[in-house]
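Colleague: Dropping a prediction and its sequence here:
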Amino acid sequence: MSSELSERKENLKNYINSTPFASFLGMRCEVMGDEMTAVLPFDEKLIGNASIRALHGGATGAFLELTAMAQLFLLSAQPKLAKPINLTINYLRQARAEDLYARAEVSKQGRRVANVHAEAWQAERALPVATMTAHFLLQND
């Protein structure tokens, strides 16, 4: 792993630990090389529908957004996190009361805007519970 990627990995970890909402969710990122898997450990406070024990859609959506921002930060030379322009989230199936995992892929990165696709799953990666397509404004200083 290059020293620049190692430094960005450490900066990403510090960002996630210092972001109040990521801390509230309990989100963490596991980085192997240039691939990152985000983990949202199950917590009772994340239940949105107690009768069916499903995770709240807002927690799932926020987790996908944070995952996309983290992946973009990890792979780009941006000094700060990008700002979301728009997000489209597709809820595909119920997110059960268990850990949630997500990965994001930067589809295209220009000088000002980046397109990112993310997906979240639980037991099987082939069965995503939600996907997201987002556009981010890059922070050029």
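Modeller: Cool, got the structure. A quick note: this is a predicted structure, and the numbers were derived from the prediction, not measured.

Colleague: Next, the residue of the chain most remote from its centre: secondary structure please.
Modeller: Most distant residue from the mean C-alpha position of the chain: S51, 27.0 Å away (C-alpha atoms, centre = their mean). Secondary structure, DSSP: H, G, I helix; E, B strand; the rest coil: S51 is coil.

Colleague: phi, psi of it?
Modeller: Note on S51: its backbone torsions stand at phi -70, psi -30 [degrees, to the nearest 10].

Colleague: so who does it touch?
Modeller: For S51, the contact set (C-beta atoms under 8 Å, 6 or more residues apart in numbering) is empty. C-beta: built from backbone N, CA, C; applies to glycine.

Colleague: now swap in I89 and tell me
Modeller: I89 neighbours (C-beta under 8 Å, 6+ apart): 60-61, 64, 130-132.

Colleague: So which residues of this structure form strands?
Modeller: 28-32, 35-40, 47-49, 54-55, 83-91, 100-109, 113-121, 128-137 (DSSP state E).

Colleague: Mind telling me which residue is nearest the centre of this structure?
Modeller: Closest-to-mean residue, the chain, C-alpha atoms, centre = their mean: T67 / 1.1 Å.

Colleague: my guess is it meets E119, correct?
Modeller: No - T67 is beyond contact range of E119, at 9.1 Å (criterion: C-beta atoms under 8 Å).

Colleague: Find residues that contact each of those two.
Modeller: Listed contacts common to T67 and E119 are 102-103; contacts here mean C-beta under 8 Å, 6+ apart.

Colleague: Which pLDDT value does the model give P20?
Modeller: If you check P20, the pLDDT there is 88.
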